[in-house]
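Peer 1: I need the structure of the sequence given here:
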Amino acid sequence: GSKLPPAIKSTGNRLWLAFETKSSEDSRFAASFEAMCGGKINTNAGHLTSPNYPDDYHPNKNCVWVITVSQGYTVGLVFDYLEIESHDDCVYDHLEIRDGGDKNANVLAMLCGYNLPAPIKSTSNQIYIKFFSDDSVMKRGFSLNFIAEIDECATGTHGCEQICINTMGGYKCDCKLGYELHSDGKKCEDACGGYLESQTGTLYSPSFPDTYPPSKTCVWEIKAPEQYKITLTFTHIDMEGRNQECEYDYVEVTGGAGYNKPYGRFCGRELPDAITSDSNSLQVKFNSDDSVQSTGFQAEYFIDKDECAIRRGGCQHTCINTIGSYMCACHNGYTLHENKHDCKEDVEGCRHYLNDHKGVIVSPLWPKYYPSKSNCEWRITTAPGHRIKLTFDEFSIEPHDQCVYDYIELFSAPSKLLGKYCGGISDVPSDIISDEEELIVKFKSDDSVQRHGFQAAYSSVCGGDLNATSERKTIYSHAKYSDQNYPNNARCEWTIKASPGAKVSLKFTTFDLEDGKDECGYDVVELYDGVKEKNKLLGSYCDVQLPPKTVTTSDKLIIVFNTDNTVTWKGFAAEYQEVVA
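Peer 2: Prediction:
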């Protein structure tokens, strides 16, 4: 027919037109079309631009969009471009955004100019967007993405340990002051680094034993009182790089004034040797770059008083600091006086001070004959709570019923004689064990008969009888405590005795044993009150939790320490003393 149809508007961005005629008819039509802006959008995600974008929009445009997403969601807008004629109040060209589905809803934003706005979010599942241009200046317009947004923090499904922050299209976790985010992005842990003054402690890289984060720097300062030193022992290290270079990820230890004395920079997987500071402070710095990450490091430290720091500990010549104590030594040509502090001239003999946990001693000129008028002494010291075992492998000294010519004397502590020996190998016990942590070996020869002398091996053994006094004393799980882990298959038993009527108090200062689950079936410390019977068992302890302070009801405490043949750890240190009832 010839009647003009009404204007037709599509419901989407496409319109299909078909023209069909018979060959015998002379039919024709003419129509114009125009791209229309605005409309209703019902989808959970999409892209929206100004008319003619990315070219300049046309003048006199008035476009209205109402975006509706699923119930239970809000609408989020994220702009990736904005260029609309600028004005302080946006009275010319502008983009108007309202919180709802009509023009009467609250205004969320009135936009023009060039600055990208922050993401915009409605409070319901609808948002109203109106673009207006006048008849003058034209610009490129805008481009934005819209999504159906939900507040994951409000739903409780986020998994954040402390703080959840909702973001457009997702969420992120955060932590309270003093904590930082674990590398899993959800858990919180103590912020790395800090100032440490406790007697013992543990340092570890962020997120340990999980992988540490990239581009992280942590600094710990360990401060001890004056006259104290700090020993740092690494129990784990696994970091990018090789230990010779360490230019990427590393842990660095420094000390001295201004922390300008380097003790080492470490990476790779090789455990460094234990580090003992020269002063009362250490700095430990952890650094990671932005590439390869691994499990990082763990290190333990303890603070020990340096008795040598003031007046050489009262030593006349040399003071040697040891774990929990100290010892005096003398220059060549001098020997230590019986008071263990002064030195006296020694023109005849030889003096040796040994504090390794095992070794060998031999007579002068061994295996040749020893010289006449020899006067030698070996002082062998081990960790508190341990004893020295001496085993003679070779023994040939001028014989005598009372050993008045050439002889060896063994002392536990300065004055307790364990034995005086001469003759052949059958004349000495197979094993000699000191009562305390020091064994003194004295060898003397006269000016007559000489023999081959002796060769003996010494080693540190755990266990023994200890006396508790009002003075606080320390006991260690093994002789190489702080330098290396305790050994496999250890069987140690200490008996700590107080005065009659008094009690024994025991307090662990460090405790790090293999985790034996609930039963402590692997490595274990057992405490007994008076006698080693089941009904006198005060407790069985393993893992890394400090056992509670223990006070006996009797005057005797028995400590049993057993280890299996698999995993070993740092061990323990404990203080004991007598408590008057």
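Peer 1: burial of residue 521, as a residue count?
Peer 2: Neighbours of residue 521 under the rule other CB atoms under 10 Å: 12. All C-beta atoms are positioned from the backbone trio N, CA, C, and that covers glycine.
Peer 1: brain fart, residue 552
Peer 2: 23.
Peer 1: And residue 498, by the same measure?
Peer 2: Residue 498: 24 neighbours (other CB under 10 Å).
Peer 1: Let me see the contact set for it.
Peer 2: Contact analysis of residue 498 by CB atoms under 8 Å, 6 or more residues apart in numbering lists 467-468, 504, 552, 555-556, 578-579.
Peer 1: Let's see that with 7 Å instead.
Peer 2: Neighbouring residues of residue 498 by CB atoms under 7 Å, 6 or more residues apart in numbering: 468, 504, 555, 578.
Peer 1: got it, and residue 465?
Peer 2: 495, 497.
Peer 1: which of the contacts of residue 498 tops the neighbour count?
Peer 2: For the contacts of residue 498, neighbours tallied by other CB under 10 Å; top is residue 504, 27 neighbours.
Peer 1: Leaving out the residues flanking it, which one is nearest to that residue?
Peer 2: residue 557 (4.0 Å; CB to CB, 6 or more residues apart in numbering).
Peer 1: Report the buried residues of the helix or strand where that neighbour lies.
Peer 2: Residue 557 belongs to strand 556-562 when assigned by DSSP states H and E. For strand 556-562, burial by neighbour count (16 or more other CB atoms under 10 Å) applies to 556-561.
Peer 1: Please apply the same query to stretch 30-40.
Peer 2: Quick answer for stretch 30-40 (16+ other CB under 10 Å): residue 37.
Peer 1: Give me the pLDDT for the closest residue to residue 77 other than its chain neighbours.
Peer 2: Using CB to CB, 6+ apart and skipping residues adjacent in sequence, the residue nearest residue 77 is residue 120, 4.4 Å away. As predicted, residue 120 sits at a pLDDT of 93.
Peer 1: Isn't residue 120 up against residue 110?
Peer 2: No - look at residue 120 against residue 110 with CB atoms under 7 Å: they stay out of range, at 11.4 Å.
Peer 1: Those two - which one has more neighbours?
Peer 2: Shown here are residue 120 and residue 110; by other CB under 10 Å, residue 120 has more neighbours (20 against 14).
Peer 1: show me the contacts for that one.
Peer 2: Residue 120 touches 77, 97, 108-109, counting by CB under 7 Å, 6+ apart.
Peer 1: quick one: which of these is most hemmed in?
Peer 2: For these, neighbours tallied by other CB under 10 Å; top is residue 77, 23 neighbours.
Peer 1: Any stretches of the protein with poor pLDDT?
Peer 2: Scanning the chain for pLDDT under 70 picks out the ranges 11-13, 22-26, 34-35, 177-178, 243-244, 323, 331-334, 344-349, 414, 581.
Peer 1: Residue ranges of each domain in it, please.
Peer 2: Domain assignment for the chain by automatic domain parsing gives 39-149, 152-188, 192-305, 348-461, 464-580.
Peer 1: Is it possible to get these out as CSV so that each row also shows distance to residue 8?
Peer 2: Output for those, formatted as CSV (distance: least, CB to CB, whole Å):
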stretch, distance to residue 8
domain 39-149, 14
domain 152-188, 37
domain 192-305, 58
domain 348-461, 98
domain 464-580, 78
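Peer 1: Figure out which of those domains is closest to residue 2.
Peer 2: Shortest distance between residue 2 and the domains of the chain, using CB to CB, is found for domain 39-149: 31.8 Å.
Peer 1: out of the contacts of residue 498, which one sits closest to residue 436?
Peer 2: Closest approach between these and residue 436, by CB to CB: residue 468, at 13.7 Å.
Peer 1: related to what we said a few turns ago, among the contacts of residue 120, which lie within strands?
Peer 2: Using DSSP state E, the members of those that fall within strands are 77, 97, 108-109.
Peer 1: beta partners of residue 229?
Peer 2: Beta-bridge pairing for residue 229 (DSSP bridges): residue 304.
Peer 1: Surely it touches residue 306?
Peer 2: Yes - the pair residue 229 and residue 306 qualifies as a contact (CB under 7 Å) at a distance of 4.8 Å.
Peer 1: hey, what's in contact with both of the two?
Peer 2: With CB under 7 Å, 6+ apart as the test, residue 229 and residue 306 both reach residue 321.
Peer 1: What residues does residue 530 make contact with?
Peer 2: 536, 552, 554, 556.
Peer 1: mind redoing it with 6 Å?
Peer 2: By CB atoms under 6 Å, 6 or more residues apart in numbering, the contact list for residue 530 reads 536, 554, 556.
Peer 1: partners of whichever strand or helix holds residue 326 in the sheet?
Peer 2: Element membership of residue 326 [criterion: DSSP H and E] is strand 325-329. The strands that strand 325-329 pairs with in its sheet are strand 318-322 (antiparallel) (by DSSP bridges).
Peer 1: now the strand it pairs with: how far from the chain's centre is it?
Peer 2: Using CA atoms, centre = their mean, to the nearest Å, the distance from the centre of strand 318-322 to the centre of the chain it belongs to is 31 Å.
Peer 1: Name the nearest of the contacts of residue 120 relative to residue 69.
Peer 2: residue 77 (11.5 Å).
Peer 1: quick one, phi psi at the spatially closest residue to residue 86 that is not a sequence neighbour?
Peer 2: If the residues on either side of it in the chain are set aside, residue 86 comes closest to residue 113, at 4.2 Å by CB to CB, 6+ apart. Main-chain dihedrals, residue 113, degrees, to the nearest 10: phi 80, psi -150.
Peer 1: how far away is residue 113 from residue 96?
Peer 2: According to CB to CB, to the nearest Å, residue 113 stands 14 Å off from residue 96.
Peer 1: Over to residue 193?
Peer 2: In terms of CB to CB, residue 193 sits 50 Å off from residue 96.
Peer 1: now do residue 119
Peer 2: 17 Å.
Peer 1: can you pull out the helices in the stretch 51-200 of the chain?
Peer 2: Using DSSP state H, counting those that start in this stretch, the helices of the stretch 51-200 of the chain run over 152-155.
Peer 1: if we can go back for a sec, and of the contacts of residue 120, the nearest to residue 291?
Peer 2: Nearest member of the contacts of residue 120 to residue 291, counting by CB to CB, is residue 77, at 36.4 Å.
Peer 1: what sits against that closest one?
Peer 2: Each residue near residue 77 by CB under 6 Å, 6+ apart is listed here: 120, 144, 146.
Peer 1: Find the residue at the geometric middle of the chain.
Peer 2: What sits nearest the mean C-alpha location of the chain, by CA atoms, centre = their mean, is residue 204, with 1.3 Å.
Peer 1: so how far is residue 213 from that residue?
Peer 2: Residue 204 is 13 Å from residue 213, by CB to CB.
Peer 1: Break down the stretch 351-500 of the chain into its strands, ranges please.
Peer 2: All strands of the stretch 351-500 of the chain, identified by DSSP state E, counting those that start in this stretch, fall at 358-362, 375-381, 386-396, 407-412, 416-421, 432-433, 438-444, 453-462, 464-467, 473-476, 491-497.
Peer 1: got those as a markdown table, with distance to residue 15 columns?
Peer 2: Shown next, in a markdown table, are those (distance: least, CB to CB, whole Å):
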| stretch | distance to residue 15 |
| --- | --- |
| strand 358-362 | 95 |
| strand 375-381 | 99 |
| strand 386-396 | 95 |
| strand 407-412 | 108 |
| strand 416-421 | 111 |
| strand 432-433 | 104 |
| strand 438-444 | 103 |
| strand 453-462 | 93 |
| strand 464-467 | 99 |
| strand 473-476 | 89 |
| strand 491-497 | 92 |
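Peer 1: Out of these, flag the one nearest residue 351.
Peer 2: strand 375-381 (5.3 Å).
Peer 1: first to last residue in stretch 398-408, what's the distance?
Peer 2: Using CA to CA, to the nearest Å, the end-to-end distance of stretch 398-408 comes to 11 Å.
Peer 1: buried residues in that stretch?
Peer 2: Applying 16+ other CB under 10 Å to stretch 398-408 flags 398, 403, 405-408 as buried.
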